[in-house]
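*Asks:* Turn this into a model:
(chains A and B)
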Amino acid sequence: MSQSSLQTIPVTRRQWLMSDRPQSRLQARLGRAYMTWQRFSANKLAVAGLCIILLLILIAIFADVLAPHSPVIGNLGGARLLPPGSEGYLLGTDDQGRDILSRLLHGSRLTLLVIVLVAIIAAPIGLLVGAVSGYAGGWVDAVLMRITDIFLAFPKLVLALAFVAAMGPGIENAILAIAITSWPPYARIARAETLTVRNSDYIAAVRLMGASPFRIVLRHVMPMCVSSLIVRVTLDMAGIILTAAGLGFLGLGAQPPLPEWGAMIASGRRFILDQWWVATMPGIAILIVSLGFNLLGDGLRDALDPRESGQ
Amino acid sequence: MTIPETTQLAGRKRARANGLAKSVLRFLVIIVTTYLGLLAVTFFIGRVIPIDPVLAVLGDRAPAHVVERTRELMGFNKPLYVQFYLYVRDALTGNFGTSVLTTNPVMADIRRVFPATLELATFGTIIGSLFGVPLGVLAAVKRGSIADQIVRVVGLVGYSVPIFWLALLSLLLFYAKLRWVAFPGRIDIVYEYSFTPVTGLYLIDSFWQGQWDVFRDVFRHIILPASLLGYFSLAYISRMTRSFMLNELSQEYIVAARAKGLSETRIIWGHALRNAAVPLVTVIALSYAGLLEGSVLTETVFAWPGLGLYITNSLQNADMNAVLGGTIVIGSVFIAINILSDLLYRTLDPRTRAR
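*Replies:* Next comes the predicted model:
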């Protein structure tokens, strides 16, 4: 149907996408995505951020191929603490003769693991709490929001420290601790979005058709909260990376010999005066990745939420 | 004066008193539930997560009768809600148990180390606001210019950099290479015994006692970690200042002030910033609370003998009483600053007052 109409009226792809009378749901969605992309790609810094993140993902996937050496087994005999630019070791080696570049490349997997898992755990919790709270109202809302505010008022890093101290060091526990302390802002956002849609006509229509509150929240309210949630999660990613690196630096995150960037800085700390590169290189990696997420998050916010842009 | 008018007035007065009582009550509920929540979470961390807290204290080689006795002494044979009640009672009186590492009561340890963190975070916040507010104003006034871009990049890097890494590198540069600042720590060992602190805030103490050589030494110790924390809060403060200022500068009263012929300086610093200052106070208070927490990592790098170093040292030695005590203290200060800044905001901005 839309195929034939496309053929009869000659339109460019751009016009088809920008059409204010879309013929199908797909066209409407693609059109909206296209306009968002237009706004997003006008922001050069945001595109740079996106490139950094895509590069991180690619590196994490192909770490085995890209890394010239093993990330955990070093050359203890002949290659300890070599400076950057040494033969075969672009970024130098650490105290166990391990190639720092290879460790950084493999470490990208751990970084990605942390942010993906934290997002998967924390965002749905926040989304559920916020949507239920906003839709139900009354005392349910009061109680859930009080709990959210209580968690919001806690010092996140210190609480994560205490959690990990009790559960034992390790990257799984660090992820869990960060997730437990980072869901409250998502609940607030989801609640705010829910309040704006709960009295709209389409919700009333669904309710008239006999949908249960459970179904309404799950199928019709929560999807409306997703886009602002994605922005917030992206903006939080940098903070999550920094917290995870901080836990790693204190020896509470990933354990040796895992090439976690924060832990790598901690192990290079002893050599900072004479072999500066051991601690410096992982820090640069952390800085680049969290900068990428901040740029991407800023760009996404401006593109998805024109009200906030320019601020 | 007719009778209905006076009764109306009285009624309005009563309504206002009612509103005040309600908002005071609301505040009390917020404070109490937040603190109870903090205690519940630390209770959960300390008593519920470890499979057996007694074993966590004694180790798994202790004989059975010692384990039994300790269990009774620590009250672990009682039901959980009784334990929680006792826990809250102890925490409210400042009793967090004894530190395994230092064998002192945890509260005494914290009282000893807290001034160091307070001094560092306060100095850091002062640096952050002193530079962050003007930078934010500059960025807003020259929106889109090179200056705006530079402020933005400085802020973005501040958001994205791992602070402990920056601390290490700055130590390498300013201490090891340039010799501008002193060795990590709070005060030179030479002065450690000749100088008797009163408040625990060394800068103020040495200034008060007129010991200028001590003051200079303390300053050389604090300047680097405080600058780093200051940079951290500058990133946040400058960004928020810019946003608030842009908001104010687009208001009509600015146009009116321009039409009256006021100077640009007067408009920016006297009118716009003055109105932006109200939410800024909240931002600065929150970043102060953030620095108290953020000092955990910085103190570790600079061997700064504050609460952060105390917590991390206790962590390394599995000294849970000390860790949880420190967490509760930082959490309490954090919550208190949160609530105070909220209160301050309400008093400063007449629009937020309950109608």
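
*Asks:* of all the residues in the stretch 101-250 of chain B, which ones are close to chain A?
*Replies:* B:156-157, B:159-166, B:168-169, B:171-172, B:176, B:243, B:246-247 (Cβ under 8 Å from any Cβ of the partner chain). Backbone N, C-alpha and C define where each C-beta goes, glycine included.

*Asks:* Helices - which of these land there?
*Replies:* Filtering these for membership in helices, criterion DSSP state H, returns B:156-157, B:159-160, B:163-166, B:168-169, B:243, B:246-247.

*Asks:* List only buried entries from these.
*Replies:* B:156-157, B:159-160, B:163-166, B:168-169, B:243, B:246 (16 or more other Cβ atoms under 10 Å in any protein chain shown).

*Asks:* how about the ones in helices among the residues of the stretch 101-250 of chain B next to chain A, which pair is most distant?
*Replies:* Pairwise distances across these peak at 38.2 Å for B:Leu168 and B:Asn247 (criterion: Cβ to Cβ).

*Asks:* Run through the helices of the stretch 1-150 of chain A in chain order.
*Replies:* Here the stretch 1-150 of chain A has its helices, by DSSP state H, counting those that start in this stretch, at A:2-8, A:13-18, A:25-41, A:44-61, A:63-66, A:100-136, A:138-152.

*Asks:* Residue of the stretch 1-150 of chain B closest to chain A, please.
*Replies:* Taking Cβ to the nearest Cβ, chain A has its nearest neighbour within the stretch 1-150 of chain B at B:Gly37, 3.6 Å off.

*Asks:* Which pLDDT value goes with that residue?
*Replies:* On pLDDT, B:Gly37 comes in at 90.

*Asks:* In space, what's closest to it - neighbours in sequence excluded?
*Replies:* Excluding the flanking residues, the one nearest B:Gly37 by Cβ to Cβ, 6 or more residues apart in numbering or on different chains is A:Ile150, at 3.6 Å.

*Asks:* now swap in A:Pro256 and tell me
*Replies:* Per Cβ to Cβ, 6+ apart, closest to A:Pro256 is A:Ala263, 6.8 Å.

*Asks:* which element is the one you found on?
*Replies:* Here A:Ala263 sits within helix A:261-268, counting by DSSP states H and E.

*Asks:* and after that helix, which helix or strand comes next?
*Replies:* Counting by DSSP H and E, the element after helix A:261-268 in chain order, helix or strand, is helix A:277-304.

*Asks:* still on that earlier bit, deepest in the core, which of the helices of the stretch 1-150 of chain A is it.
*Replies:* The highest mean neighbour count among the helices of the stretch 1-150 of chain A, using mean count of other Cβ atoms under 10 Å in any protein chain shown, belongs to helix A:100-136: a mean of 22.

*Asks:* what's the pLDDT at whichever residue of the stretch 201-311 of chain A sits closest to chain B?
*Replies:* Residue nearest to chain B within the stretch 201-311 of chain A (Cβ to the nearest Cβ): A:Gly283, separated by 3.4 Å. If you check A:Gly283, the pLDDT there is 94.

*Asks:* Quick check: residues of the stretch 251-355 of chain B near chain A?
*Replies:* Residues of the stretch 251-355 of chain B lying close to chain A by Cβ under 8 Å from any Cβ are B:289, B:292-294, B:296-297, B:300-301, B:311-312, B:315-316, B:318, B:320, B:323-324, B:326-327, B:330-331, B:334-335, B:338.

*Asks:* Filter those down to the ones in helices?
*Replies:* B:289, B:292-294, B:296-297, B:300-301, B:311-312, B:315-316, B:320, B:323-324, B:326-327, B:330-331, B:334-335, B:338.

*Asks:* Quick one, which of these are buried?
*Replies:* Buried among those (16+ other Cβ under 10 Å): B:289, B:292-294, B:296-297, B:300-301, B:311-312, B:315, B:320, B:323-324, B:326-327, B:330-331, B:334-335, B:338.

*Asks:* and B:Ala277, what does it touch?
*Replies:* Applying Cβ atoms under 8 Å, 6 or more residues apart in numbering or on different chains to B:Ala277 gives the contacts B:Leu348.

*Asks:* Which secondary structure element of chain A has the lowest mean pLDDT?
*Replies:* Scoring the helices and strands of chain A by mean pLDDT, DSSP states H and E places helix A:2-8 at the bottom, with a mean of 51.

*Asks:* and A:Leu218, how many neighbours does it have?
*Replies:* Applying other Cβ atoms under 10 Å in any protein chain shown, we find 15 residues neighbouring A:Leu218.

*Asks:* what does A:Ile175 give?
*Replies:* A:Ile175, neighbours per other Cβ under 10 Å, totals 25.

*Asks:* And it, how far from A:Ser182?
*Replies:* Per Cβ to Cβ, to the nearest Å, A:Ile175 is found 11 Å from A:Ser182.

*Asks:* tell me, what's touching these two both at once?
*Replies:* Joint contacts of A:Ile175 and A:Ser182 (Cβ under 8 Å, 6+ apart) are A:Val118.

*Asks:* follow-up on the earlier one: so the residue nearest to B:Gly37 makes contact with B:Val32?
*Replies:* No: if you go by Cβ atoms under 8 Å, A:Ile150 and B:Val32 don't touch, sitting 10.7 Å apart.

*Asks:* Low-confidence bits of the chain, can you list those?
*Replies:* Just going to use chain A. Per-residue confidence of chain A (counting by pLDDT under 70) places the weak regions at A:1-10, A:305-311.

*Asks:* Actually, chain B is the one I wanted.
*Replies:* In the predicted model of chain B, residues B:1-13, B:15-16, B:50-53, B:56-57, B:59, B:352-355 satisfy pLDDT under 70.

*Asks:* distance of the residue most central in space within it from A:Gln38?
*Replies:* Computing the C-alpha centroid of chain B and ranking residues by Cα atoms, centre = their mean puts B:Ala289 first, at 2.1 Å. From B:Ala289 across to A:Gln38, the span is 40 Å (Cβ to Cβ).

*Asks:* Then B:Leu324?
*Replies:* 52 Å.

*Asks:* ok, and the closest non-adjacent residue to B:Thr241?
*Replies:* Nearest to B:Thr241 is B:Gly136, by Cβ to Cβ, 6+ apart, at 2.5 Å.

*Asks:* secondary structure element for the one you found?
*Replies:* Short version, using DSSP H and E: B:Gly136 is in helix B:106-141.

*Asks:* Next, the buried residues of that helix.
*Replies:* Buried residues in helix B:106-141 (16+ other Cβ under 10 Å): B:106-107, B:109-110, B:112-125, B:127-129, B:131-133, B:135-141.

*Asks:* How far does that helix sit from its chain's centre?
*Replies:* Relative to its parent chain, helix B:106-141 has a centroid offset of 8 Å by Cα atoms, centre = their mean, to the nearest Å.

*Asks:* Residues of the stretch 201-311 of chain A that sit close to chain B?
*Replies:* Counting by Cβ under 8 Å from any Cβ, the residues of the stretch 201-311 of chain A that sit close to chain B are A:238, A:242, A:245-246, A:249-252, A:262, A:265, A:269, A:272-273, A:276, A:279-280, A:282-283, A:286-287, A:290-291, A:293-295, A:310-311.

*Asks:* For residue 203, give me its contacts.
*Replies:* Here I'm looking at chain A. Applying Cβ under 8 Å, 6+ apart, the residues near A:Ile203 are A:197, A:216, A:220-221.

*Asks:* looking at chain B here, not the other one
*Replies:* Contact analysis of B:Leu203 by Cβ under 8 Å, 6+ apart lists B:119, B:123, B:215, B:218-219, B:222.

*Asks:* again, 6 Å this time
*Replies:* By Cβ atoms under 6 Å, 6 or more residues apart in numbering or on different chains, the contact list for B:Leu203 reads B:Val218.

*Asks:* Now residue 300: closest residue in space, sequence neighbours ignored.
*Replies:* No chain specified, so I'll use chain A. In space, and not counting its chain neighbours, A:Leu300 is closest to A:Val231: 4.9 Å by Cβ to Cβ, 6+ apart.

*Asks:* should've been chain B
*Replies:* With Cβ to Cβ, 6+ apart as the criterion, B:Thr300 has its nearest non-adjacent residue at 5.2 Å, and that residue is B:Thr312.
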